[in-house]
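just to be clear, the model below is a prediction. Sequence and coordinates:
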Amino acid sequence: MTDLLPQRRVTRTPEETVAVLEALYAEASTALRDGLERFLTSGVTPTLAERARYRYPELTITYSPDGLVPTSARAFAKFAVPGVYTTTITQPSAFKNYLIEQLRPLMEDFEARVEVGVSTQDIPYPYVFESGDELGRGKVSAADLARFFPPPRLSEVGDEIADGLWDFRDDRPRPLALFDAVRVDYSLRRLVHYTGTDWRAVQPWILLTNYHRYVDQFIRRGVNEVRKDGPYNSLVLPGGATITAATSDADIETLIQTSPWQKFQMPTYHLTTPFGQGVTLANIGVGPSNAKTMTDHLAVLRPHAWLMVGHCGGLRQSQQIGDYVLAHGYLREDGILDSVVPTEMPIPALAEVQVALQEAAASVTGDRGEALKRRLRTGTVVTYDDRNWELRWSQERRRINLSRAIAVDMESGTIAAQGFRFRVPYGTLLCVSDKPLHGEIKLPGAANAFYERAVSEHLDIGIAALDVLKGQSGTAHSRKLRSFDEPPFR
């Protein structure tokens with residue numbers, strides 16, 4: 001079958017490279033869809049030659065310098081050592097800007113040789129359909145399809161590269177990217193399932209929250225933004241409904257009220273720009289499991305940053321309800337990532353993100369100096385996997401005290417560890433909604449008053465912080481997040 005595959009093609013520019021990847025992927029995915037359609041309608045099975053066409057394109061880069069590998073201040077788009085680097089690619093049209101951004105420095109600064117061809121990695125048949133409903137016709141079972149078409153295989157999906165488990169050997173190429181095509185496709189489908197929107201709507205600047213009230217404020221702000229003569233052109237809701245400047249007031253209200261967000265575990269909202277530099281808000285709900293699930297899948301989109309903006313319990317007497325907590329460290333008691341990011345591994349604060357959050361808080365609140373310090377406290381956040389950790393206070397007190405923690409939640413440490421793990425810039429700005437150790441617990445009346453006052457301002461700070469980071473020309477992609485054997489692509 002390998003004789004039927006086209007030879008690798010050497011490309012000279014990033015644009016040419018992506019064009020070839022697009023052509024190869026279109027040919028393979030179209031062949032697979034056509035083969036499935038024929039089988040579903042007439043029962044005709046693909047030949048061996050046809051099955052050999054159902055494969056992802058492969059991108060190979062060879063770097064053979066005349067002397068030493070030059071150093072670069074960039075955190076990405078550079079080589080750790082000379083050699084051959086490769087990865088498979090899916091959806092190259094959707095990832096076009098990202099691919100060009102990575103390829104240009106490698107081709108121009110390092111004069112690396114770039115080749116594109118067909119890989120030996122099959123495209124699993126469910127990944128070429130948009131909704132999956134196409135496979136629900138007739139009496140054909142998944143077992144029937146798996147006999148004749150490539151099925152999803154969990155044995156081929158993993159995070160060994162990101163987790164430092166890749167077996168580097170001299171007799172095979174090194175990884176070019178953290179995620180290969182089948183890992184990306186796996187997560188793209190999960191994103192649609194969990195969020196209720198097309199993964200293409202996800203913006204590269206992401207806010208994660210643990211309360212639906214932030215969603216209400218985001219929708220209000222989003223509607224106002226798309227009506228302005230500003231950078232945003234649409235607000236995409238779960239289910240795919242889209243609000244633009246041309247949408248009438250009545251239609252806006254109908255779209256918001258009928259959005260089926262309740263059907264999705266982690267509904268996600270997207271304030272888009274024409275050039276794909278907007279903001280996504282994901283309501284991940286409560287708990288580290290949801291936090292890990294969402295960021296596992298968002299990571300394949302290679303976002304520029306994700307920030308946690310949610311509520312926390314204040315642990316210090318001096319804190320007030322509505323104060324902010326800017327995390328500079330995490331006491332990770334969530335347990336969910338201990339096997340891949342052991343708790344003894346430090347999760348560093350990223351200076352660029354910390355500064356952006358502090359600047360945004362000052363700008364939105366209008367506070368400066370001592371006034372800002374009274375409302376914004378920097379310190380360690382404890383992240384638990386148990387919402388009722390207070391019932392173990394006599395056991396937990398010493399550990400919290402030794403950590404000098406100032407707040408407690410259930411998501412922030414997980415999100416930061418995932419950012420560290422997947423090389424996505426991260427940060428946390430929480431709002432104190434109760435003080436469980438000081439008798440100020442959440443009661444319905446007090447909670448409602450707090451929510452009305454604090455949520456809008458908090459969300460504004462998160463968006464303002466992302467605006468600050470957008471203006472920093474990629475410096476948020478810190479070298480702190482890179483390993484010794486880092487793949488060239490970020």
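Sure thing, it's come through.

from here on, contacts and neighbour counts on C-alpha atoms
Noted.

how many neighbouring residues does R479 have?
The tally of other residues near R479 (other Cα atoms under 10 Å) stands at 14.

that should have said L402, apologies.
L402: 8 surrounding residues under other Cα under 10 Å.

now it: how far from K373?
23 Å (Cα to Cα, to the nearest Å).

which strand residues bridge R174?
Y85 (DSSP bridges).

I'd say it and I161 touch.
No - R174 is beyond contact range of I161, at 9.9 Å (criterion: Cα atoms under 8 Å).

higher neighbour count, those two?
A direct count of neighbours by other Cα under 10 Å for R174 and I161 places R174 higher, at 25 against 21.

relative to L165, how far out is that one?
13 Å.

which parts of the longest helix seen in the chain are buried?
The residue-count maximum for a helix in the chain (DSSP state H) belongs to helix 14-42. Across helix 14-42, burial judged by 16 or more other Cα atoms under 10 Å covers 14-15, 17-22, 24-29, 31-33, 35-36, 39-40.

just stretch 392-404 next, same as before
So stretch 392-404, judged by 16+ other Cα under 10 Å, has buried residues 400, 404.

distance of G164 relative to F484?
10 Å.

on that earlier part again, run the chain-centre distance for the longest helix of the chain.
The chain centroid and the centroid of helix 14-42 are separated by 26 Å under Cα atoms, centre = their mean, to the nearest Å.

show the contacting residues for the residue nearest the centre of the chain.
In the chain, the residue lying closest to the centroid (Cα atoms, centre = their mean) is L298, at 2.5 Å. Counting by Cα atoms under 8 Å, 6 or more residues apart in numbering, L298 touches 187, 191.

how far does the helix or strand where it lies sit from its chain's centre?
Take DSSP states H and E as the rule and L298 turns out to sit in helix 288-298. Relative to its chain's centre, helix 288-298 lies at 9 Å (Cα atoms, centre = their mean).

in its sheet, what does whichever helix or strand comes after it sit against?
Moving toward the C-terminus from helix 288-298, the first helix or strand encountered (DSSP H and E) is strand 305-314. Applying DSSP bridges to the sheet, strand 305-314 is found paired with strand 205-209 (parallel), strand 405-409 (antiparallel), strand 426-434 (parallel).

between strand 305-314 and helix 288-298, how many degrees?
Here strand 305-314 runs at an angle of 170 degrees relative to helix 288-298 (axes from the mean of the first three to the mean of the last three Cα atoms, to 10 degrees).

I'd like the average pLDDT over strand 305-314.
Mean pLDDT, strand 305-314: 96.

need the contact partners of the helix or strand just after it.
Of the helices and strands lying after strand 305-314 in sequence (DSSP H and E), the nearest is strand 324-333. With contacts defined as Cα under 8 Å, 6+ apart, strand 324-333 is touched by 343, 347-349, 354, 357-358, 375-385, 403, 405-407, 412-414, 427-432.

can you turn the buried part of those residues into a PyMOL selection?
Buried subset of the contacts of strand 324-333, written as a PyMOL selection, criterion 16+ other Cα under 10 Å:
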select buried, resi 343+347+349+354+357+358+375+376+377+378+379+380+381+382+383+384+385+405+406+407+412+413+414+427+428+429+430+431+432
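
where in the protein is pLDDT low?
Where the chain drops to pLDDT under 70, the residues are 1-6, 131-138, 438-452, 473.

and the helices in this structure?
So, for the chain - with DSSP H - the helices run 14-42, 48-51, 96-108, 142-148, 181-195, 212-227, 249-258, 288-298, 351-365, 369-375, 393-403, 412-422, 444-470.

gap between the residue lying closest to G117 once chain neighbours are set aside and M345?
Taking Cα to Cα, 6 or more residues apart in numbering, and ignoring the residues beside it in sequence, G117 has R8 as its nearest neighbour in space, at 4.3 Å. From R8 across to M345, the span is 41 Å (Cα to Cα).

quick one, which of these two is more surrounded?
The neighbour comparison of R8 against M345 (other Cα under 10 Å) goes to R8, with 16 against 9.

isn't the more buried one up against V116?
Yes - R8 is in contact with V116 according to Cα under 8 Å; the separation is 5.3 Å.

on that earlier part again, packing partners for the longest helix of the chain?
strand 55-63, helix 96-108, strand 113-122 (3 or more Cα pairs under 8 Å, 6 or more residues apart in numbering; DSSP states H and E).

nearest to F218, of the ones you listed?
Smallest distance to F218 across these (Cα to Cα): 26.8 Å, for helix 96-108.

most tightly surrounded among the helices of the chain?
Highest mean neighbour count of those: helix 412-422, a mean of 26 (counted as mean count of other Cα atoms under 10 Å).

so what's the gap between that helix and the chain middle?
Distance, stretch centre to chain centre, for helix 412-422: 11 Å (Cα atoms, centre = their mean).

now do stretch 49-67
With Cα atoms, centre = their mean, you get 26 Å for stretch 49-67.

other residues contacting that stretch?
1-2, 4-5, 21, 24-25, 27-29, 31-32, 79, 82-90, 110-123, 149-150, 176, 181.

dump that stretch to PDB, keeping only the CA atoms.
What follows is stretch 49-67, C-alpha atoms only, in PDB (Å, rounded to 0.1, in the frame of the first residue of the first chain):
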ATOM      1  CA  ALA A  49      -6.000   1.100  -2.400                       C
ATOM      2  CA  GLU A  50      -8.900   3.300  -1.200                       C
ATOM      3  CA  ARG A  51      -8.200   2.700   2.400                       C
ATOM      4  CA  ALA A  52      -4.600   3.800   1.900                       C
ATOM      5  CA  ARG A  53      -5.900   7.300   1.000                       C
ATOM      6  CA  TYR A  54      -7.600   7.700   4.400                       C
ATOM      7  CA  ARG A  55      -4.500   9.200   6.100                       C
ATOM      8  CA  TYR A  56      -3.500  12.500   7.600                       C
ATOM      9  CA  PRO A  57      -0.900  14.600   5.900                       C
ATOM     10  CA  GLU A  58       2.500  14.700   7.500                       C
ATOM     11  CA  LEU A  59       4.800  17.700   8.000                       C
ATOM     12  CA  THR A  60       8.600  17.000   8.300                       C
ATOM     13  CA  ILE A  61      11.300  19.500   9.000                       C
ATOM     14  CA  THR A  62      15.000  18.800   8.800                       C
ATOM     15  CA  TYR A  63      17.400  21.100  10.500                       C
ATOM     16  CA  SER A  64      21.100  20.500   9.700                       C
ATOM     17  CA  PRO A  65      23.100  23.600  10.700                       C
ATOM     18  CA  ASP A  66      26.700  24.100   9.600                       C
ATOM     19  CA  GLY A  67      27.800  25.000  13.100                       C
END
